[in-house]
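K.L.:
Structure, please.
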Amino acid sequence: MIENKTSFQTKLRVKPPPGMVYPVSCSILQEKLSTVPQKDCILVSYYHYRMTETRLQKTKAGKSGQFKSSVKSIIRASYLHSAVSLGTPNSYLKERSSANRYSQDQWTLAINSVPACQLQNVRDWLEAGGFAKIQEWFIETNKFAGSIGSHSFMIGFKNDELVTETSDSY
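P.N.:
Predicted coordinates for the structure are as follows:
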């Protein structure tokens, strides 16, 4: 008998530009987060938000060094459950609608691309404690399942150090 493995659904995967790569695959996320209660309903998206380092250096803000000290997001985990209002379109309330954040919880992971030259460092940071922190956030945030609100956890790096940020709104 073939064992039915839980798999995260990939919602979106944007091809990163040259020199940028995604630090973690869906299968690794599935393995590292196999014990979280939400494992059956996590949607994963792969994005490229930032400009390449070369292009950033050509901008006014890049030349001033403004972005050197900012946090570079690697993974953002989030939970969203919205309240229905009079302005909510009926099409958003359909059970299979991708816009439905009203009658069901939305658990997501957004994976950002990183410069290829930093890939090994990022993977080392994630193995050294990043995945454990993400897993801990999912387990702790599960207490909000079914309640209206928005909760997120971001893991990133700043000046070659792993950093985390949380955000909650009810």
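K.L.:
how about low-confidence regions in the protein?
P.N.:
1-8, 49-71, 84-85, 88-103, 170 (pLDDT under 70).
K.L.:
all helices for it, in order.
P.N.:
According to DSSP state H, the chain carries its helices in the segments 26-32, 53-57, 60-64, 119-125, 131-141.
K.L.:
Tell me the buried residues in the last one?
P.N.:
Which is helix 131-141. Phe131, Ile134, Gln135, Trp137, Phe138, Thr141 (16 or more other CB atoms under 10 Å). Every residue, glycine included, has its C-beta placed from N, CA and C.
K.L.:
can you put those in CSV and add distance to Gln118?
P.N.:
Formatted as CSV, the buried residues of helix 131-141 follow (distance: CB to CB, whole Å):
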residue, distance to Gln118
Phe131, 17
Ile134, 19
Gln135, 23
Trp137, 23
Phe138, 25
Thr141, 28
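K.L.:
Return the member of the residues you listed nearest to Cys41.
P.N.:
Taking CB to CB as the measure, Cys41 lies nearest Phe138 of these, at 11.0 Å.
K.L.:
Specify the beta-bridge partners of Ile155.
P.N.:
Ile75, Thr164 (DSSP bridges).
K.L.:
Make sure it is actually in contact with Thr166.
P.N.:
No. Contact criterion CB atoms under 8 Å: Ile155 and Thr166 do not qualify, at 10.2 Å.
K.L.:
coming back round to it: could you say which one of the helices of the chain comes nearest to Ser73?
P.N.:
Of these, nearest to Ser73 by CB to CB is helix 119-125, at 11.3 Å.
K.L.:
got the contact list for the closest one?
P.N.:
Identification of contacts with helix 119-125 by CB atoms under 8 Å, 6 or more residues apart in numbering yields Val21, Pro23, Val24, Ile74, Val114, Phe157, Asp160, Leu162.
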